[in-house]
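Undergrad: Kindly generate the corresponding structure for this input.
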Amino acid sequence: MNDKYTVARMIKDNEHFEVLVKPQKALDYRMEKLAAISEVLVTETIFSDANKGTKISEENLRKAFGITDPLKIAEIILKKGTLQLTTDQRRKMTEEKRKQIIDFIARQCVDPKTNLPHPPSRIENAMEKIHYPIDPFKSLEEQARDIIKLLRPILPLKMEQISLGVRIPAEHAARAYGTVKGFGTIKREEWRADGSWFGVLEMPAGLYAPFLEKLGDVTKGTGEAKIAS
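TA: Predicted structure coming up:
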């Protein structure tokens, strides 16, 4: 593997199937940012070992995939197989996933002693102590929940949902409605005769403070929110 090409592979019926691909285009294709498989491939050849240049016979392709078209088989390998990332790609994707996990924990969890969210920097420092191997392709939520369990002995964390009663005056209701929806799930709502809006919003406890700040911004301080009992 080098900066010009990398390998996507799949194991099927105990046999290896590999294609040589352009690193960034292959990643874009995998993430559905690119549609044309022909732009991804270095060569339209299916290998058993791409580094050695060992090709797969048409008979074995037909046996494994039911077809011999290299483009269609390459599509299957790219979508369902394993893409070998370059060092730089893995570093960037892992760092981006790390930031997403920290943000998830900050939004979803609170300190049970204060019922306030931990600052992202505190979460990041605690994560450095547990040495969790972040997988750039693995589900964000799945990894975050694993990390929360590992963090609890060194950083008190509680995942909690709260319900808020929210009232928005008529002059700001239409514009602020989308903001409110973006913070949680509206469990009940009503547009009142005077044009104002009232709703019960369920959200992660960690979003309470950011929500109050945003609500104040979009309603010029006239919106109201109260934790429902």
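
Undergrad: residues of the helix or strand Glu171 falls within that come out buried?
TA: Using DSSP states H and E, Glu171 falls within helix 170-181. Within helix 170-181, the residues scored as buried using 16 or more other CB atoms under 10 Å are His172, Ala173, Ala176, Tyr177, Thr179, Val180. All C-beta spots, glycine's among them, are computed from the backbone N, C-alpha and C.

Undergrad: now do stretch 106-117
TA: Ala106, Arg107, Gln108, Cys109, Val110, Asp111, Pro117.

Undergrad: quick one, phi psi at the last one?
TA: Per-residue torsions, Pro117: phi -70, psi 150 (degrees, to the nearest 10).

Undergrad: any idea how far Pro169 is from the nearest residue to it once chain neighbours are set aside?
TA: For Pro117, ignoring the flanking residues on the chain, the nearest one in space by CB to CB, 6 or more residues apart in numbering is Gly206 at 3.9 Å. To Pro169, Gly206 is 27 Å away according to CB to CB, to the nearest Å.

Undergrad: Am I right that Leu20 is in contact with Glu44?
TA: No: judged on CB atoms under 8 Å, Leu20 makes no contact with Glu44 at a distance of 9.8 Å.

Undergrad: thinking again about what came up before, any idea of the mean pLDDT in the helix holding Glu171?
TA: For helix 170-181, the mean pLDDT works out to 92.

Undergrad: ok, which stretches of this structure are helices?
TA: Applying DSSP state H to the chain gives helices spanning 23-30, 58-65, 70-80, 87-108, 120-130, 140-151, 170-181, 208-218.

Undergrad: Ok, which of the ones you listed comes nearest Leu201?
TA: helix 170-181 (6.2 Å; CB to CB).

Undergrad: contacting residues for the residue sitting nearest the centre point of the chain?
TA: Per CA atoms, centre = their mean, the C-alpha nearest to the average position across the chain is that of Leu140, at 4.7 Å. Leu140 sits next to Lys97, Gln100, Ile101, Phe104 when contact means CB atoms under 8 Å, 6 or more residues apart in numbering.

Undergrad: Contacts only, for the nearest residue to Lys220 once chain neighbours are set aside.
TA: Leaving aside its sequence neighbours, Lys220 sits nearest to His172 (CB to CB, 6+ apart; 7.0 Å). Going by CB under 8 Å, 6+ apart, His172 touches Val218, Thr219, Lys220, Thr222, Gly223.

Undergrad: Show me which of Leu20 and Glu44 is the more surrounded one.
TA: For Leu20 versus Glu44, the count of surrounding residues by other CB atoms under 10 Å is larger for Leu20: 23 against 14.

Undergrad: Report the residue ranges of every domain in this protein.
TA: 6-83, 87-158, 160-227 (automatic domain parsing).

Undergrad: need the helix or strand of the protein with the lowest average pLDDT.
TA: Every helix and strand in the chain was compared by mean pLDDT, DSSP states H and E; the lowest is strand 158-159, with a mean of 86.

Undergrad: what's the offset of the helix holding Glu171 from the middle of its chain?
TA: 27 Å (CA atoms, centre = their mean, to the nearest Å).

Undergrad: Just the CA trace of that helix, in CSV.
TA: Extracted in CSV, the C-alpha atoms of helix 170-181 (Å, rounded to 0.1, in the frame of the first residue of the first chain):
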residue,chain,number,x,y,z
ALA,A,170,-46.2,34.5,19.1
GLU,A,171,-43.7,36.9,17.5
HIS,A,172,-40.9,34.2,17.8
ALA,A,173,-42.8,31.0,17.6
ALA,A,174,-42.4,30.2,13.9
ARG,A,175,-38.7,30.9,13.8
ALA,A,176,-37.9,29.2,17.2
TYR,A,177,-39.9,26.0,16.5
GLY,A,178,-37.2,24.4,14.4
THR,A,179,-34.6,25.2,17.1
VAL,A,180,-36.7,23.5,19.7
LYS,A,181,-37.2,20.4,17.6
